[in-house]
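Q: Sequence and predicted model, in that order:
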Amino acid sequence: MLRNLIAGCLGVVVAATATYAAFTALSNKCSSRGATADWVHNFVCDVRASEFVIAAFSVFLALLAGLLVGIVHQLWMATRRNAQAQKRDTEIIQRAYLSAHPLGVSPFDAAAYAEGHVGIRNTGRLPARKVRWFIDVATSSDGRRTHFPLGELSGNNVVHGGAEMRQGGRAAISRQEFQNFHENSVWVYVWGTIRYDDGFGNERHIDFCHRYDSSGFSPRGAGITPQQALQLGRAALSPDGATYHQHGNDAD
């Protein structure tokens, strides 16, 4: 912007210099006593000096006005860009950020169902509003599963900055799936999506997928041994056996 201002000022100076030179030449020509043709004398010398000055001054004003308009426009654009950048920076610092952490699968019962738990944590400053979620659970013999379909969202909650909300989903499992999981030939997947307002009216999302292996397998209930848990088909999976799967995780 300073470069444009300097260029504009130089243009005005050049125009003023040229006008002054023309005015000086005009004065010299009209004061000379040489043999000048009548039509040249009438065309050039009969112009009043005051009219010439007014016309030249009008040109200066037009040039200066154009220069000022350009400077004001550039100042307005710079101010607008700075305001937008400041707004983006404020949103980045202050907005709500949700994350989904594995909290285990409990119960993991062949006679009932498997219920996967997820901790929805707000690591931002503003409350996350209109928090909705979908959570599903399934067993699979594919340790590299890539397809994780999403369903209808539930809830309409608020998660304040630094707080965590616990939610879960459940699915039925068979005794064979229960046994295969313990034998490391089946994995348990807990996946889903979360939608929320980041505090500035922007809808955000986080997709998550947690995969559990048998390292987190433990009896569920006091006084139950691992062997009894296998016989009864009653157990739980701790977060120690969870990993963030290589597919199904995304956020904005």
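A: Yep, that arrived.

Q: Sketch out the helices for this structure, chain order is fine.
A: Along the chain, counting by DSSP state H, helices occupy 2-31, 38-40, 49-94, 175-182, 226-232.

Q: which stretch in those has the least confidence?
A: When the helices of the chain are compared by mean pLDDT, helix 38-40 comes last with a mean of 50.

Q: Which residue, neighbours along the chain excluded, lies closest to residue 220?
A: Distances taken as C-beta to C-beta, 6 or more residues apart in numbering place residue 236 nearest to residue 220, at 4.2 Å, with adjacent residues excluded. (Each C-beta comes from the backbone N, C-alpha and C, glycine too.)

Q: How confident was the prediction at that neighbour?
A: pLDDT at residue 236 comes out at 95.

Q: give me every residue that touches it.
A: Neighbouring residues of residue 236 by C-beta atoms under 8 Å, 6 or more residues apart in numbering: 104, 105, 106, 107, 108, 218, 219, 220.

Q: Can you flag the buried ones in those?
A: With burial judged by 16 or more other C-beta atoms under 10 Å, the buried subset of the contacts of residue 236 is 104, 105, 106, 107, 108, 218, 219.

Q: Count the neighbours of the nearest residue to residue 178 once chain neighbours are set aside for me.
A: Using C-beta to C-beta, 6+ apart and skipping residues adjacent in sequence, the residue nearest residue 178 is residue 110, 3.9 Å away. By other C-beta atoms under 10 Å, 21 other residues sit near residue 110.

Q: ok, so what distance separates residue 110 from residue 194?
A: 30 Å (C-beta to C-beta, to the nearest Å).

Q: Please apply the same query to residue 91.
A: To residue 194, residue 91 is 19 Å away according to C-beta to C-beta.

Q: got it, and residue 103?
A: According to C-beta to C-beta, residue 103 stands 14 Å off from residue 194.
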